[in-house]
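Undergrad: Show me the folded form of this:
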Amino acid sequence: MCRDDAGRLEQESALADLAGVLFADQVKQSSDDTRVSSDAVARARSYIDAHFADDFGLGTLSTVSGISVFHLARSFRKAVGITPLAYRNQCRIVAARRLLLAGQPIAEVALDVGYADQSHLTRQFQRIVGVSPARYANR
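TA: The predicted model follows:
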């Protein structure tokens with residue numbers, strides 16, 4: 001009986017050791033994944049900051065960041081609080097505000113910041129800023 005208990009105790013101890021090793025490996029892997037995601041989000045964000053006026057999608061950002069579209073979208077939103085394309089729209093609106101205050105015509109601003117036309121800029125500007133580009137420019 002004691003021998004069986006000792007054998008069982010030895011097995012349970014070995015299983016506990018294995019579980020500890022597996023848990024430690026999982027924690028390390030999770031830490032590595034977080035670092036990779038953080039680096040990928042930083043690369044995507046830098047790309048958006050430099051190319052916000054260009055026409056690109058999540059596929060391009062996935063290539064730039066080195067992770068899948070799904071992983072990028074999830075990681076970006078978790079880190080930044082909004083989707084990559086919403087972030088691009090915010091970058092466009094920040095640039096549009098600056099150009100409008102400098103007196104540039106709305107139609108030119110729209111094209112310069114990456115919108116297809118003045119109407120598209122107006123819709124996005126109104127949604128994000130709360131006033132139309134014309135009203136904003138006439139402040």
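Undergrad: Any stretches of the protein with poor pLDDT?
TA: The chain contains residues with pLDDT under 70 at 1-9, 12-36.
Undergrad: where do the strands sit along it?
TA: Using DSSP state E, the chain contains no strands.
Undergrad: how close does the residue nearest in space to the middle of it sit to L111?
TA: Residue closest to the average C-alpha location in the chain (Cα atoms, centre = their mean): F76, at 2.0 Å. According to Cβ to Cβ, to the nearest Å, F76 stands 27 Å off from L111. Quick note: C-beta positions are derived from backbone N, CA and C, even for glycine.
Undergrad: Repeat that for I48.
TA: I48 is 19 Å from L111, by Cβ to Cβ.
Undergrad: Kindly report the same for Q124.
TA: From Q124 to L111 the distance is 14 Å (Cβ to Cβ).
Undergrad: what about the two, which has more around it?
TA: Q124 (19 against 14; other Cβ atoms under 10 Å).
Undergrad: Was I right to think the more buried one contacts G114?
TA: No. The criterion here is Cβ atoms under 8 Å, and Q124 misses it with G114 at 10.2 Å.
Undergrad: list residues touching both of those two?
TA: R92 (Cβ atoms under 8 Å, 6 or more residues apart in numbering).
Undergrad: end-to-end on stretch 120-137?
TA: Distance between the two ends of stretch 120-137: 17 Å, counting by Cα to Cα, to the nearest Å.
Undergrad: again with stretch 50-67
TA: Using Cα to Cα, the end-to-end distance of stretch 50-67 comes to 19 Å.
Undergrad: What residues sit buried inside it?
TA: H51, F52, F56, L58, T60, L61, S62, V64, S65, I67 (16 or more other Cβ atoms under 10 Å).
Undergrad: do the same with stretch 70-89
TA: Across stretch 70-89, burial judged by 16+ other Cβ under 10 Å covers H71, L72, A73, S75, F76, V80, P84, Y87, R88, N89.
Undergrad: Ok, stretch 107-119 next?
TA: V109, A110, V113, G114, Y115, Q118.
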